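Participant: I'd like to go over a predicted model; first the sequence, then the structure.
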Amino acid sequence: MALDVTVASTDQDLTTTSALKAMVLGASATSTVQDAFLSALVRRSSKWAETYIGQPLTVQTYRETVAGYGRRNLMLSRTPIRAIAAIYDATDTGTAQAVGTSEIRIEDAEAGLLSRDIGFGWNATLQFRAAFSGLYSDAIPLDPAPMPGQEYRPWLVDYVAGYSYGGVDTGSANWSTRAGTTSTGRTLPDDLEQGVLFKAQGVANGGEDVASEALGDLKTDYRSLGTDADGALITQARNWLDPYRRLA
C-alpha cells in the first residue's frame, strides 16, 4: 500500500496553552512566565497522542492506493474522512479512468469506508481450483479463483482526513467540498483533547507515575490506576484516548 501526504497539517496542536495553564495553574492564572514551557508540552503531548493512537490526527490531504475486493465498500487508512477530492481506477492518472465523485459516498467517516453502488473491482492473481468426483479420481480444473493476499492495488484516492481543533479555513490547501463536509468548525472530539491535557498535566507535575506531591503543608496522594496486561502504567491520558486507538 502506498500512502503519501500531499498537503501537510498546518496546526498539529490538539489543545491550547491556555487550557493547559488552567489545569496546571488554576482557572484564574494570569501569569505568562510559563507559557513557552506549557506551549512546548502541548506540542509534545499532541505528538504523543498521535503515536499512542497510531495515526496522524490533524487534517491533512492524502494520496493512497488501495485494493478493491469486488464489493461496494473501499477502506482508506486515514480517518475520519473529511472529503474525497478524486478517485481513479488505476495508479497512472494519465491513463486511468477518473471515477465521478458523485458516484462515491462516505459511508462511515470514522471507519474510513467509502461506498459505490457498482462496487470496486477486484484485481488479483488467479489460480485454478480442483474438484474431485471420487476418492481416487483425477482433479478436474474448474473456473480460476483469486489467490488470497495477491491483490493488486489499482484504486488511487486523493482525500482529506483528520480532526480539526480550530477549524479548516476555506482558503486552506486542505479545504475541499467535493464529496465531503463543508464545515469550517472544530471537529476534534472533546475526550481526545482531554487525554492530551492529562498527558501534558502529568508531565508538568513531574511525570504520570508520580504517587504524591506536596506544596507547603498541602500533600496529595494519587490513586493508582495499576498496569495493563503488558505491564505498562495505566494513566488518565491513556484512558481517555483508548477508544480512538488503532491496534493494527
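Facilitator: Structure's in. What do you need? Numbering: from 1, shown residues only.

Participant: Quick one: low-confidence residue ranges for the protein.
Facilitator: Of all residues in the chain, those with pLDDT under 70 make up the ranges 1, 128-143, 207-234, 248.

Participant: Dump the helix ranked longest in it to CSV, keeping only the CA atoms.
Facilitator: In the chain, assigned by DSSP state H, the helix with the most residues is helix 35-53. C-alpha atoms of helix 35-53 as CSV (Å, rounded to 0.1, in the frame of the first residue of the first chain):
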residue,chain,number,x,y,z
ASP,A,35,3.7,30.0,28.6
ALA,A,36,6.6,28.9,26.5
PHE,A,37,7.1,25.8,28.6
LEU,A,38,3.4,24.9,28.6
SER,A,39,3.2,25.5,24.8
ALA,A,40,6.0,23.0,24.3
LEU,A,41,4.2,20.5,26.5
VAL,A,42,1.1,20.9,24.3
ARG,A,43,3.1,20.2,21.1
ARG,A,44,4.9,17.2,22.7
SER,A,45,1.7,15.7,24.2
SER,A,46,-0.1,16.1,20.9
LYS,A,47,2.6,14.1,19.1
TRP,A,48,2.5,11.5,21.9
ALA,A,49,-1.3,11.1,21.4
GLU,A,50,-0.7,10.5,17.6
THR,A,51,1.9,7.9,18.4
TYR,A,52,-0.3,6.2,21.0
ILE,A,53,-3.4,6.2,18.8
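
Participant: Please enumerate the helices of the chain.
Facilitator: 17-25, 35-53, 190-204, 236-241.

Participant: okay, those in TSV with mean neighbour count and distance to residue 173 next?
Facilitator: In this view, the C-beta of every residue, glycine as well, is placed from N, C-alpha and C. TSV is the format used below for these (neighbours: other CB atoms under 10 Å; distance: least, CB to CB, whole Å):
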stretch	mean neighbour count	distance to residue 173
helix 17-25	18	25
helix 35-53	17	20
helix 190-204	21	24
helix 236-241	19	28
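
Participant: Packing partners of the longest helix of the chain?
Facilitator: Contact analysis of helix 35-53 by 3 or more CB pairs under 8 Å, 6 or more residues apart in numbering; DSSP states H and E lists helix 17-25, helix 190-204, helix 236-241 as its packing neighbours.

Participant: quick one, that helix and helix 190-204 angle?
Facilitator: 120 degrees (axes from the mean of the first three to the mean of the last three CA atoms, to 10 degrees).

Participant: And the contacts of helix 35-53?
Facilitator: Helix 35-53 has contacts (CB atoms under 8 Å, 6 or more residues apart in numbering) with 12-17, 20-21, 24, 56-57, 192, 195-197, 199-200, 203-204, 237-238, 241, 244-246.

Participant: State the number of residues packed around residue 84.
Facilitator: Residues contacting residue 84 under the criterion other CB atoms under 10 Å number 22.

Participant: Next up, the contacts around the nearest residue to it once chain neighbours are set aside.
Facilitator: By the measure of CB to CB, 6 or more residues apart in numbering, the closest residue to residue 84 outside its immediate chain neighbours is residue 179, 3.9 Å from it. Contact partners of residue 179, counting by CB under 8 Å, 6+ apart, are 83-85, 101-102, 104-106.
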